[in-house]
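J.: The sequence and its predicted three-dimensional model are supplied below.
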2 protein chains.
Amino acid sequence: MIQLPATLQKLIDSFKALPGIGSKTAERLAYHVSESHESYNKEFAESLLNIREKLNICNTCFFYVEEKSSCSCCQNNRDQTKICVVQRPKDVIAIDKAGFTGLYHVLGGVLSPLDQIGPDDLNINELIIRVDDEVKEIILAMDTSLEGDATSICLAQRLEEINKDLTISKLARGIPIGGQFEYIDEITLMRALDERRVV
Amino acid sequence: MIQLPATLQKLIDSFKALPGIGSKTAERLAYHVSESHESYNKEFAESLLNIREKLNICNTCFFYVEEKSSCSCCQNNRDQTKICVVQRPKDVIAIDKAGFTGLYHVLGGVLSPLDQIGPDDLNINELIIRVDDEVKEIILAMDTSLEGDATSICLAQRLEEINKDLTISKLARGIPIGGQFEYIDEITLMRALDERRVV
């Protein structure tokens, strides 16, 4: 049986370890890279080596921050009265693209007793500390899962305890733009009915 | 607008430059890598840097060969009487998995006047030189494209000129295993009819 050279096989294995990349795709990517320009490979390799070293987490909002630079989420020109709470750093980018101008707080996950993730494993206490008199509204933007909903409820309770005047909201659930009724699941449709609005 | 840190953005760009990887997938892969084990990232980066340095091409069959080691395609224990001619190095692995035990010759492409690829751009002369008295059969295994067929015809003519006793064959064309008639294109079906065999 003919073996691929070890260098190529190692590269294929590295690609195969990525999520959603199967054997065939890993091979195709490795063959492509083996014929790519050397400067591309060098830059790619440098990014891979730098990513864990240079990429830090902001101590306030827990979004990504580059080594020795200030967090782009915590700048003074953003609306300091609203904080949007999300699960993962990448959720910040998605919500920012939608036009939200306030502050963010990355929880780092959701409560999940089965995975042994409790309140102390998330950045919940750090959020409680952040909420000062200037903050008027907390927007909860967790995933629409059982764990996401449970985390929202737990957070809402904790936040109400410290400040009764705080508005606590969550993202609207309903039919997505372009969604066709026949393809929408029952629970989404039920929610859209429950939360219907007068036009 | 919130910007991703430059290190992360660079990594996303590197992934996005790969074939078949779009923006969303590139982001997902970069986020995954940013949370991966450091040893994985290091190994991945090393493979990327090594691939062009350590990966050579065999001077006989033009398959990949690791620096300072012998070609696994040209070993003495393989059937020296048959040479299978393929377009790309990766085709060798595919045909080898199917159980072919002879030798290989990688052409490095097919004739394509539109792309200005002529006989001198491919490893055709190197194949002609390889064909000695020991070789009894040449199996042409090009892609089933217009260019692939033209290359097969050209190769067959050149090979006949040098040795009239040489058997020149090409892979059978027909219905693939598991193929259902309604999904098979007309040309494949026509070929399967033309090349039908008595049972």
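T.: Received the coordinates, thanks.
J.: All the strands of chain A, residue numbers only.
T.: Assigned by DSSP state E, chain A shows strands spanning A:55-57, A:64-66, A:79-86, A:102-106, A:137-141, A:167-170.
J.: in the helix-or-strand element of chain A with minimal mean pLDDT, what's buried?
T.: Lowest by mean pLDDT, DSSP states H and E among the helices and strands of chain A is helix A:186-194, with a mean of 85. Buried residues in helix A:186-194, counted by 16 or more other CB atoms under 10 Å in any protein chain shown: A:Arg191, A:Ala192. Bear in mind the C-beta positions are built from the backbone N, C-alpha and C, glycine included.
J.: Mind checking the strands of chain A for the one nearest to B:His37?
T.: Among the strands of chain A, strand A:55-57 comes nearest to B:His37, with 14.7 Å by CB to CB.
J.: got a list of what the most centrally placed residue in chain A touches?
T.: With distances taken as CA atoms, centre = their mean, the residue of chain A nearest its centroid is A:Arg88 (2.5 Å). A:Arg88 is in contact with A:Val106, A:Gly108, A:Gly109, B:Tyr31, counting by CB atoms under 8 Å, 6 or more residues apart in numbering or on different chains.
J.: Other residues contacting stretch A:23-38?
T.: So stretch A:23-38 is contacted by A:8, A:11-13, A:15-16, A:18, A:21, A:41, A:44, B:18-21, B:48, B:51-52, B:55, B:64, B:88-90 (CB under 8 Å, 6+ apart).
J.: ok, 6 Å please
T.: The contact list for stretch A:23-38 (CB atoms under 6 Å, 6 or more residues apart in numbering or on different chains) reads A:Leu11, A:Ile12, A:Phe15, A:Lys16, B:Leu18, B:Pro19, B:Ile51, B:Arg52, B:Leu55, B:Lys90.
J.: Show me which residues of chain A sit near chain B.
T.: Counting by CB under 6 Å from any CB of the partner chain, the residues of chain A lying close to chain B are A:2-3, A:5-7, A:10-11, A:14, A:18-19, A:29, A:31-32, A:34, A:38, A:41, A:44-45, A:47-52, A:54-55, A:64, A:66, A:72-73, A:90, A:96.
J.: Sketch out the low-pLDDT regions of chain A for me.
T.: Judged against pLDDT under 70, chain A has no low-scoring part.
J.: how about the helices in chain A?
T.: Applying DSSP state H to chain A gives helices spanning A:6-16, A:23-34, A:38-54, A:89-97, A:124-130, A:146-162, A:186-194.
J.: which of these sits most buried?
T.: Most buried of these by mean neighbour count (mean count of other CB atoms under 10 Å in any protein chain shown) is helix A:6-16; its value is a mean of 20.
J.: and that one with helix A:23-34, angle?
T.: Between the axes of helix A:6-16 and helix A:23-34, defined by axes from the mean of the first three to the mean of the last three CA atoms, to 10 degrees, the angle is 120 degrees.
J.: helices or strands up against helix A:6-16?
T.: The contact analysis (3 or more CB pairs under 6 Å, 6 or more residues apart in numbering or on different chains; DSSP states H and E) places helix A:6-16 against helix A:23-34, helix B:38-54.
J.: how about a cut-off of 10 Å?
T.: With contacts taken as 3 or more CB pairs under 10 Å, 6 or more residues apart in numbering or on different chains; DSSP states H and E, helix A:6-16 sits against helix A:23-34, helix B:38-54, strand B:55-57, strand B:64-66.
J.: Tell me which of these sits nearest to A:Ile175.
T.: Checking the helices and strands packed on helix A:6-16 against A:Ile175 by CB to CB gives helix A:23-34 as the closest, at 33.9 Å.
J.: With distance to A:Arg130 added, can I get the strands of chain A in CSV?
T.: Listed next are the strands of chain A as CSV, based on distance: least, CB to CB, whole Å:
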stretch, distance to A:Arg130
strand A:55-57, 15
strand A:64-66, 16
strand A:79-86, 7
strand A:102-106, 7
strand A:137-141, 10
strand A:167-170, 14
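J.: Which of those has the highest mean neighbour count?
T.: Comparing the strands of chain A on average neighbours per residue, with mean count of other CB under 10 Å, the densest one is strand A:102-106 at a mean of 24.
J.: Please export the C-alpha coordinates of that one as PDB.
T.: Presented in PDB, the C-alpha positions along strand A:102-106 are these (Å, rounded to 0.1, in the frame of the first residue of the first chain):
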ATOM      1  CA  GLY A 102     -24.400  49.700  23.900                       C
ATOM      2  CA  LEU A 103     -22.000  47.600  26.000                       C
ATOM      3  CA  TYR A 104     -21.500  43.800  26.000                       C
ATOM      4  CA  HIS A 105     -20.900  41.200  28.600                       C
ATOM      5  CA  VAL A 106     -19.700  37.700  27.500                       C
END
